[in-house]
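quick one: sequence and predicted model below, then my questions.
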Amino acid sequence: MASGTDRADLVATEGEATIAAEQGIARGTVWFLALSVGVIIVNLTAPQTLVGPIAADLGMLPAQAGLVGTASLLGYAAGLFFVVPLSDLVENRRLTIVMLGAAVLAALAAATTRAAVPFLAMLFVLGAACSAIQVLVPIAAAMARVSERGRVVGDVMSGLMVGILLSRPLASLVTDLFGWRAFYLLSGASMAALIPLMRLRLPMRRPEAHTRYPALIASLATLLRREPVLRRRALTAAFGMAAFSVFWTAVALRLAAAPFGFDQRHVALFALAGASGAVVAPFAGRAGDRGWSRGLLVAAHLMTILAFGLAWLADRASGSLAPALALLVLAAVVVDIGVIGDQTLGRRAVNLLAQEARGRVNALFVGIFFLGGAAGSGVAGYAWTQGGWPLVCAAGAGFGALSLLSDLLGGSSQA
């Protein structure tokens, strides 16, 4: 097996990448990629917990404060649809390093700005640059043998999901100790440290595509229309991510209420407990390599529904703190297992499609399930204000049921 450093000297067209993939990918490179996406993704979800201190420090109006939690996510969406497709046109390692350099500069600028509008602009740029994640995942898939692609994607996904789940408690802790600006300084420094390592670990990969940028972007609609597996897996992932967002958006509100009465640090510890569900990603990927995707996808959707049943029971048991908290922690783990399992198997499926368009396929897959996550956040806020925790649980279970129905109605050919 080639070492990560040896493979860094590889200049690959798609044909040469196929030969490289037959050699496999070094385990050190896999874990480096998992670490990298985990470090980068923190920038997208952590700001949701920093809205209060940032808005107060920058003198933002209540109507503006909500943009702190969404500016980087909107930038990420823009990056997925308008920057990530470049990975099918230009050399991937250089593109990743340029994007990461832009992310470092945006994070440092966000840490030092004193006005709301420039700060929000920097968050938007930071989010767009962090879409480099979706260049790294196809690189990992291209370097892996077909027989191990699910395992490799699952291992990298575990880093992604751990980053998402730990971002909120990490941001809360750093802000509590040193202030919110320290979080962005730390994030910028962490991403800067990845750049020289990427030069050593990542191979050069030159796609075969020879087309103009407008035609490349226009081809996204063609790909979505042409690939039924992409449509099916993106749809179920979107419903799953909506359920995930419903839970994690509303659970902090529930934990702050009786009988829990949690403060920010307690909520951070709860998020750490829920992060254990991320361990499912490598196992789901391996199971997909063995041909078990169909049954496990159905099981993942059922687990998502089950999680909200447990969350509802926690509310019913709220007269006793320990059982209620135990049920809520279990619900957090189960919902993470269900959603992460679905996403990992979905990523494996789409990375077996259209080798010449792997960057665009990943951009579409992630962009669509990202829209599901945004919808879930909106539904969570409405459900909480209109019906409290029981309505939140009903909404989350409903999204899980939609995932299940999408798979069952899609037929076995849509695995």
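Yes, it's here.

from here on, just use CA atoms for contacts and neighbour counts.
OK.

state the mean pLDDT of stretch 329-345.
Taken as a whole, stretch 329-345 has an average pLDDT of 90.

phi and psi next, for A144.
For A144, the backbone dihedrals are phi -90, psi 150 (criterion: degrees, to the nearest 10).

wait, it touches R27, no?
No - judged on Cα atoms under 8 Å, A144 makes no contact with R27 at a distance of 10.3 Å.

with neighbour numbers in mind, choose between the two.
A144 (25 against 14; other Cα atoms under 10 Å).

these two touch, right, A243 and V392?
No - the pair A243 / V392 is not scored as a contact, 9.7 Å apart, by Cα under 8 Å.

tell me which of the two has more neighbours.
Taking neighbours as other Cα under 10 Å, A243 and V392 compare with A243 leading, 38 against 28.

show me what contacts that one?
A243 is in contact with T304, G373, G376, A395, G396, A397, F399, G400, counting by Cα atoms under 8 Å, 6 or more residues apart in numbering.

out of these, which sit inside strands?
Among the contacts of A243, no member falls in strands (criterion: DSSP state E).

mind listing which of the residues you listed are in helices?
Using DSSP state H, the subset of those located in helices is T304, G373, G376, A395, G396, A397, F399, G400.

can you classify the residue lying closest to the third one once chain neighbours are set aside by secondary structure?
Just to be clear, that refers to G376. Take G376 and drop its neighbours on the chain: the residue closest to it by Cα to Cα, 6 or more residues apart in numbering is A242, 4.0 Å away. At A242 the chain is in helix, as set by DSSP: H, G, I helix; E, B strand; the rest coil.

tell me how many other residues surround A242.
A242, neighbours per other Cα under 10 Å, totals 30.

pretty sure it sits against G378.
No - using Cα under 8 Å as the test, A242 is too far from G378 to be in contact (9.3 Å).

okay, strands next: where are they in this protein?
All strands of the chain, identified by DSSP E, fall at 11-12, 204-205.

quick one, helices of the stretch 51-200 of the chain?
All helices of the stretch 51-200 of the chain, identified by DSSP state H, counting those that start in this stretch, fall at 51-58, 62-82, 92-112, 116-129, 133-143, 149-178, 180-201.

how far off centre is the second one?
Remark: helix 62-82 is offset 15 Å from the chain centroid, using Cα atoms, centre = their mean, to the nearest Å.

what residues does stretch 99-116 touch?
Contact with stretch 99-116 is made by 58-60, 118-119, 122-123, 125-127, 129-130, 132, 180-185, 187-189, 191-192, 195, as judged by Cα under 8 Å, 6+ apart.

so for it, what gets flagged as buried?
Across stretch 99-116, burial judged by 16 or more other Cα atoms under 10 Å covers 99-111, 116.

can you put those in JSON lines and add distance to D407 and pLDDT?
As requested, these are exported to JSON lines (distance: Cα to Cα, whole Å; pLDDT from 0 to 100):
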{"residue": "M99", "distance to D407": "35", "pLDDT": "97"}
{"residue": "L100", "distance to D407": "36", "pLDDT": "97"}
{"residue": "G101", "distance to D407": "40", "pLDDT": "97"}
{"residue": "A102", "distance to D407": "39", "pLDDT": "98"}
{"residue": "A103", "distance to D407": "37", "pLDDT": "98"}
{"residue": "V104", "distance to D407": "40", "pLDDT": "98"}
{"residue": "L105", "distance to D407": "42", "pLDDT": "98"}
{"residue": "A106", "distance to D407": "40", "pLDDT": "97"}
{"residue": "A107", "distance to D407": "39", "pLDDT": "97"}
{"residue": "L108", "distance to D407": "43", "pLDDT": "97"}
{"residue": "A109", "distance to D407": "44", "pLDDT": "97"}
{"residue": "A110", "distance to D407": "42", "pLDDT": "96"}
{"residue": "A111", "distance to D407": "44", "pLDDT": "96"}
{"residue": "A116", "distance to D407": "44", "pLDDT": "91"}
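
got the buried residues for stretch 140-153?
For stretch 140-153, by 16+ other Cα under 10 Å, it's 140-146, 148-153.

pick the one among those closest to T175.
Here the nearest of those to T175, counting by Cα to Cα, is V153; it sits at 32.3 Å.

quick one on the thing from earlier: can you flag the buried ones in the contacts of stretch 99-116?
Buried among those (16+ other Cα under 10 Å): 60, 119, 122-123, 125-127, 129-130, 132, 180-185, 187-188, 191-192, 195.
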